[in-house]
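Peer 1: Output the structure for:
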Amino acid sequence: HMAAPDVASNFQVIRDFGQAEEIFVKAEKEKNLGMQLVVEQGQIYGLALCFGEEAVYGIAAEGFLTGQYLADTMSRLVKKAEAAGYKNLKELQKEHVKLKAGDKVYAVCMDKSIALFIIGQEPLENGMNILGAHIDSPRIDVKQNPLYENEELAYLDTHYYGGIKKYQWVTLPLAIHGVIAKKDGTIVPVSIGDEEEDPVFVITDLLVHLASKQLEKKGSVVVEGEKLDLLIGSRPLEQDPSLDQEEKEAVKANVMELLKKYYDMEEEDFLSAELEIVPAGKARDCGLDKSMVIGYGQDDRVCAFTSLMAMLHTENKKRTSCCILVDKEEIGSVGATGMQSRFFENAVAEILDKCGEFSELKLRRAMANSTMISSDVGAAFDPMHADVYDKRSNPFFGKGMVLNKHTGARGKGGSNDANAEYIAKLRHVFDENKVAFQLTEMGKIDAGGGTIAYILANYDMEVIDCGVPVQNMHAPWEVVSKADVFET
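Peer 2: The predicted model follows:
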């Protein structure tokens with residue numbers, strides 16, 4: 001361990017994520033590399049890297065990673081992949097070229113899921129090394145016939161998505177993200193609430209002075225799902241004095257006029273819109289020591305980010321490498337873009353075909369011979385709620401990434417349960433590469449949840465859950481330790 005003053009005086013300190021990423025890319029190709037964790041008064045300051053006598057760098061924890069991995073859209077993920085040399089599998093299908101070892105390809109499913117592959121030296125039927133995460137998060141969705149006016153206030157009717165504590169979503173500044181698909185085929189992106197000049201939105205709550213009955217309710221119903229409608233306007237449309245008849249719902253009419261102005265949208269376009277309500281604002285450093293990151297959607301974008309970075313910085317390997325980032329995990333991995341769809345299997349089949357190797361048997365072998373890390377977050381121990389955790393089996397901040405042998409709840413129901421032999425292999429790899437990790441569970445025995453792990457395990461492949469420990473999981477603002485993100 002080094003002290004921070006040593007870094008400040010001897011190292012070029014890097015605080016910007018983009019610069020740090022370049023340094024890590026260089027580090028992976030370097031044979032003679034020195035690396036040390038920098039600690040100041042018991043707190044992690046950052047990471048020191050030394051390239052012999054050529055250059056020394058200090059990657060500071062302060063500011064590093066903040067918000068970067070939470071801001072990616074599918075288009076930005078694709079741009080990152082293409083910048084790293086990946087080619088669109090759909091485009092390659094039109095060309096009469098065979099894939100060979102070292103080739104990089106990606107496949108996108110409906111702009112909501114993506115799979116990236118680096119073709120290995122071994123035949124694909126020997127299996128792949130797979131990283132898999134999900135990129136959806138708990139949120140509130142706008143319904144298809146949502147806009148209404150009530151007592152001269154305009155609202156959007158909503159339906160929550162995934163497992164949330166509904167009372168956590170009231171009185172927060174909220175943003176709207178998504179797309180409007182118009183009948184002529186035009187897709188209009190929507191993003192309101194994250195920039196300084198943007199307005200924000202809110203779900204209102206009852207003032208404490210009138211809430212005596214509300215406060216007697218159980219937490220699960222203190223705010224009900226039907227009360228999560230979004231307040232979006234209160235100003236009526238200016239009336240034309242020459243008209244005989246006044247607009248009956250003038251506030252709603254004014255909202256539609258603004259939507260027409262900025263998005264060329266008619267009210268019926270809500271029918272084919274996908275609009276998501278999320279906390280407004282960017283991720284920020286958390287703690288006086290800036291050792292943590294607070295932000296929306298870290299379950300599971302923090303693991304999607306670390307998986308993607310590992311993939312983009314991986315070069316030729318014996319086995320084919322794969323990273324898959326999927327949608328719909330928070331509602332059971334269902335639908336065309338969830339892990340239970342055939343998207344991933346179909347992509348592997350296409351790659352086998354482009355390698356000149358396709359057969360149904362080889363496809364089955366490729367899946368069964370694969371090994372996977374299901375990259376999903378763990379529940380970090382919270383001393384404020386210690387009674388629901390098992391200290392011997394729960395992860396802690398600052399102690400590295402989390403391995404979950406099994407998920408599920410109440411007798412491991414609905415879980416993937418990783419084999420001891422696979423865990424032993426991973427322990428060997430992590431120990432050889434000095435990777436800090438924790439083998440954990442989620443809370444006490446009757447608690448728990450699920451991931452995409454069991455779905456891939458259905459192909460007979462070895463799978464284990466592995467990710468970053470998180471506090472406030474599924475809340476609007478989740479917290480992670482930067483040290484654990486570094487290790488992952």
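
Peer 1: Give the next helix or strand downstream of the helix or strand containing Val293.
Peer 2: Per DSSP states H and E, Val293 falls inside strand 292-295. Downstream of strand 292-295, the next assigned helix or strand under DSSP H and E is helix 298-312.

Peer 1: Can you list the helices and strands that that next one packs against?
Peer 2: Judged by 3 or more CB pairs under 8 Å, 6 or more residues apart in numbering; DSSP states H and E, helix 298-312 is in contact with helix 74-83, strand 113-118, strand 128-134, strand 320-326, strand 371-375, strand 462-467, strand 469-471, strand 478-481. Bear in mind the C-beta positions are built from the backbone N, C-alpha and C, glycine included.

Peer 1: ok, and the closest non-adjacent residue to Val190?
Peer 2: Gly178 (5.1 Å; CB to CB, 6 or more residues apart in numbering).

Peer 1: which residues are contacting stretch 167-183?
Peer 2: For stretch 167-183, contacts defined as CB atoms under 8 Å, 6 or more residues apart in numbering pick out 140, 142, 160, 187-194, 198, 200-205, 219, 222-223, 228, 230, 263, 265, 269, 272-281, 475-476.

Peer 1: In strands, which of those appear?
Peer 2: Using DSSP state E, 140, 142, 160, 187-192, 230, 273-279 are the members of the contacts of stretch 167-183 that sit in strands.

Peer 1: Now, of those, which are buried?
Peer 2: Ile140, Val142, Val190, Ile192, Leu230, Ala273, Leu275, Glu276, Ile277, Val278, Pro279 (16 or more other CB atoms under 10 Å).

Peer 1: list the buried ones in stretch 360-367?
Peer 2: For stretch 360-367, burial by neighbour count (16+ other CB under 10 Å) applies to Lys362, Leu363, Arg365, Ala366, Met367.

Peer 1: nearest to Ala154, of the residues you listed?
Peer 2: Checking these against Ala154 by CB to CB gives Met367 as the nearest, at 50.2 Å.

Peer 1: Okay, and the closest residue to the closest one other than its chain neighbours sits in which element?
Peer 2: The shortest distance from Met367 to any non-neighbouring residue, by CB to CB, 6+ apart, is to Tyr459 (3.9 Å). In this structure, Tyr459 sits in neither a helix nor a strand according to DSSP H and E.

Peer 1: my read: Tyr459 touches Ser370, true?
Peer 2: Yes. Counting by CB atoms under 8 Å, Tyr459 touches Ser370, with 7.4 Å between them.

Peer 1: The two - which one has more neighbours?
Peer 2: A count of neighbours by other CB atoms under 10 Å puts Ser370 above the other of Tyr459 and Ser370, at 23 against 18.

Peer 1: Now for the more buried one: which residues touch it?
Peer 2: Contacts of Ser370 by CB under 8 Å, 6+ apart are Gly127, Met128, Asn129, Ile130, Cys322, Leu456, Tyr459, Met461, Glu462.

Peer 1: Who wins on neighbours among those?
Peer 2: Ranked by the number of neighbours (other CB under 10 Å), these place Ile130 first, at 27 neighbours.

Peer 1: Can you give me the distance of that one to Glu238?
Peer 2: To Glu238, Ile130 is 58 Å away according to CB to CB, to the nearest Å.

Peer 1: swap in Asp111?
Peer 2: As defined by CB to CB, Asp111 lies at a distance of 38 Å from Glu238.

Peer 1: residue boundaries of the helices in the stretch 351-488 of the chain?
Peer 2: Assigned by DSSP state H, counting those that start in this stretch, the helices in the stretch 351-488 of the chain fall at 360-368, 420-432, 453-457, 482-487.

Peer 1: want to try a markdown table for these, with mean pLDDT and distance to Glu151 as columns?
Peer 2: Formatted as a markdown table, the helices of the stretch 351-488 of the chain follow (pLDDT from 0 to 100; distance: least, CB to CB, whole Å):
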| stretch | mean pLDDT | distance to Glu151 |
| --- | --- | --- |
| helix 360-368 | 96 | 57 |
| helix 420-432 | 93 | 59 |
| helix 453-457 | 91 | 47 |
| helix 482-487 | 86 | 46 |
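
Peer 1: Would you format these as a markdown table with distance to Ile294 included?
Peer 2: Formatted as a markdown table, the helices of the stretch 351-488 of the chain follow (distance: least, CB to CB, whole Å):
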| stretch | distance to Ile294 |
| --- | --- |
| helix 360-368 | 38 |
| helix 420-432 | 28 |
| helix 453-457 | 27 |
| helix 482-487 | 11 |
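
Peer 1: Highest average neighbour count across the ones you listed: which stretch is it?
Peer 2: helix 482-487 (a mean of 24; mean count of other CB atoms under 10 Å).

Peer 1: ok, and what's touching that helix?
Peer 2: 44, 47, 61, 64-65, 291-293, 302, 306, 397-402, 435-437, 468-469.
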